[in-house]
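Return a 3D structure for these sequence lines:
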Amino acid sequence: TVMVGGCIISMISYQFVKPFSLIFSADSTSPLALERPLFTSKFSVPCNRVVDIQLISGAFCFGIGWGVAGLCPGPAMFLFASGTKPV
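Numbers count the residues shown, from 1 in each chain. A predicted model of the protein is given here:
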């Protein structure tokens, strides 16, 4: 359910980035779509589509770490720093 929630929020958010809108066509963009973010000069959207050894090894390490710890790395760092749960 967390992944579905993240995907929904991401899809809604991308409707405000002109070239990446899924609902509105290229001819008719959302009236709320922005040319650039409010506090910087351009959107930073990843466009690399290459699957290389660095990507695979990083994903592998991430998955192994998550599997061994039983926690997502982000919350695990928070729990470790706060000391509320032995990590």
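
drop to CA atoms for contacts and neighbour counts, all remaining ones
Will do.

Report the secondary structure element holding residue 66.
If you go by DSSP states H and E, residue 66 is part of helix 53-69.

Any buried residues in that helix, and which?
By neighbour count with 16 or more other Cα atoms under 10 Å, helix 53-69 contains no buried residues.

elements contacting the helix or strand just after it?
Downstream of helix 53-69, the first helix or strand assigned by DSSP H and E is helix 73-82. The contact analysis (3 or more Cα pairs under 8 Å, 6 or more residues apart in numbering; DSSP states H and E) places helix 73-82 against helix 53-69.

tell me the angle the helix it packs on makes with helix 73-82.
Orientation of helix 53-69 against helix 73-82 (axes from the mean of the first three to the mean of the last three Cα atoms, to 10 degrees) gives an angle of 50 degrees.

helices or strands up against helix 53-69?
Using 3+ Cα pairs under 8 Å, 6+ apart, helix 53-69 sits against helix 73-82.

tell me the mean pLDDT for the helix it packs on?
Helix 73-82 comes out with an average pLDDT of 81.

Residue 66 contacts residue 72, correct?
Yes. Between residue 66 and residue 72 there is a contact at 5.6 Å, judged by Cα atoms under 8 Å.

Find the least confident helix or strand in this protein, judged by mean pLDDT.
Every helix and strand in the chain was compared by mean pLDDT, DSSP states H and E; the lowest is helix 73-82, with a mean of 81.

Show me which residues of that one are buried.
residue 76.

Just the C-alpha atoms of it, please, in CSV.
Output of helix 73-82 as CSV, limited to C-alpha atoms (Å, rounded to 0.1, in the frame of the first residue of the first chain):
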residue,chain,number,x,y,z
PRO,A,73,16.9,2.1,4.6
GLY,A,74,15.3,5.6,5.2
PRO,A,75,13.2,4.7,8.2
ALA,A,76,16.0,2.4,9.5
MET,A,77,18.4,5.5,9.6
PHE,A,78,15.7,7.5,11.5
LEU,A,79,15.1,4.7,14.0
PHE,A,80,18.9,4.2,14.4
ALA,A,81,19.4,7.9,15.0
SER,A,82,16.4,8.3,17.4
